[in-house]
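Enquirer: Generate coordinates for the sequence data below:
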Amino acid sequence: MKRSEINRILLEADEFIKSMGFALPPFAHFPAVKWESLGREWDEVRDNMLGWDVTDYGLGRFESVGLTLFTIRNGSLTDPRYPKRYAEKLLISRPGQVCPNHFHFSKSEDIINRGGGTLAMRLWPSGPDGALGEGEAELSSDGCRLRVRAGDTLYLRPGQSVTLTPFLYHEFWAEEALCLIGEVSSVNDDNTDNRFYESMGRFPTVEEDEAPLWLLCTEYPEAKA
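Expert: Residues are numbered from 1 along each chain as shown. Prediction:
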């Protein structure tokens, strides 16, 4: 992805989040150059990959396969400095843009439609060797147990949510309008915990055609001593 495209997406995302009445933490708007001078007091942001995350999954088709995210809080299962056992994200999905089919090996998560369009989600149990399973998956949606057949689509309207457990394949997209999605989960590890049904990356390759507006969560420089 070109940096100019990422900058544009970040500005649009920030305006949409504000329009939905949600306020991001201050570091969301730190200029890229500011990170060069910040010390180790900001290591939790760096080490746990808090902040902006724009991805086309390495496919170069952001408008059809992609997602914009902001990780608000996250802990670590291996570093005692970060004892949180939970994470929280915002996600923005666009009509016609799919978050590709994947599951998590260890993360459980609530996916919440915070507002905007309808969130559509297609679900499958995982089968042997990462195949799409058959049968049904049992889910909790806002405290109600329901069963969804493999490959069926669940529709979440604003205010509705669903709990996803490990090894449950899911892909999702917005219908009608931009959708602001909340994710409340156990600790998030985007480097090791995602299993995509089709082979792809998790983060984009960035082509630097202009200066970055805000750094992505993978781009923070080392802390100043």
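
Enquirer: all helices for the chain, in order.
Expert: 3-19, 43-47 (DSSP state H).

Enquirer: quick one, which of these is nearest to Pro158?
Expert: helix 3-19 (13.7 Å; Cβ to Cβ). Every residue, glycine included, has its C-beta placed from N, CA and C.

Enquirer: Can you show me the CA trace of the closest one as PDB?
Expert: Below are the C-alpha coordinates for helix 3-19, written out as PDB (Å, rounded to 0.1, in the frame of the first residue of the first chain):
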ATOM      1  CA  ARG A   3       1.800   5.700   2.300                       C
ATOM      2  CA  SER A   4      -0.500   8.400   0.800                       C
ATOM      3  CA  GLU A   5      -3.300   5.800   0.600                       C
ATOM      4  CA  ILE A   6      -2.700   4.800   4.300                       C
ATOM      5  CA  ASN A   7      -2.700   8.500   5.300                       C
ATOM      6  CA  ARG A   8      -6.000   9.100   3.600                       C
ATOM      7  CA  ILE A   9      -7.600   6.000   5.100                       C
ATOM      8  CA  LEU A  10      -6.400   7.100   8.600                       C
ATOM      9  CA  LEU A  11      -7.900  10.500   8.200                       C
ATOM     10  CA  GLU A  12     -11.200   9.100   7.000                       C
ATOM     11  CA  ALA A  13     -11.200   6.500   9.800                       C
ATOM     12  CA  ASP A  14     -10.500   9.200  12.500                       C
ATOM     13  CA  GLU A  15     -13.400  11.300  11.200                       C
ATOM     14  CA  PHE A  16     -15.800   8.300  11.200                       C
ATOM     15  CA  ILE A  17     -14.800   7.400  14.700                       C
ATOM     16  CA  LYS A  18     -15.400  10.900  15.900                       C
ATOM     17  CA  SER A  19     -18.800  11.000  14.100                       C
END
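
Enquirer: CA atoms only for stretch 72-83 - export them in PDB, please.
Expert: The C-alpha coordinates for stretch 72-83 follow below in PDB (Å, rounded to 0.1, in the frame of the first residue of the first chain):
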ATOM      1  CA  ILE A  72      -6.800   0.600  22.400                       C
ATOM      2  CA  ARG A  73      -5.500  -1.700  25.000                       C
ATOM      3  CA  ASN A  74      -3.700  -5.000  25.100                       C
ATOM      4  CA  GLY A  75      -1.600  -7.100  27.500                       C
ATOM      5  CA  SER A  76       1.000  -9.800  27.100                       C
ATOM      6  CA  LEU A  77       1.000 -13.500  28.100                       C
ATOM      7  CA  THR A  78       4.800 -13.600  28.300                       C
ATOM      8  CA  ASP A  79       5.900 -10.200  29.600                       C
ATOM      9  CA  PRO A  80       5.100  -9.600  33.400                       C
ATOM     10  CA  ARG A  81       5.300  -5.800  32.800                       C
ATOM     11  CA  TYR A  82       2.000  -6.000  31.000                       C
ATOM     12  CA  PRO A  83      -0.400  -8.100  33.200                       C
END
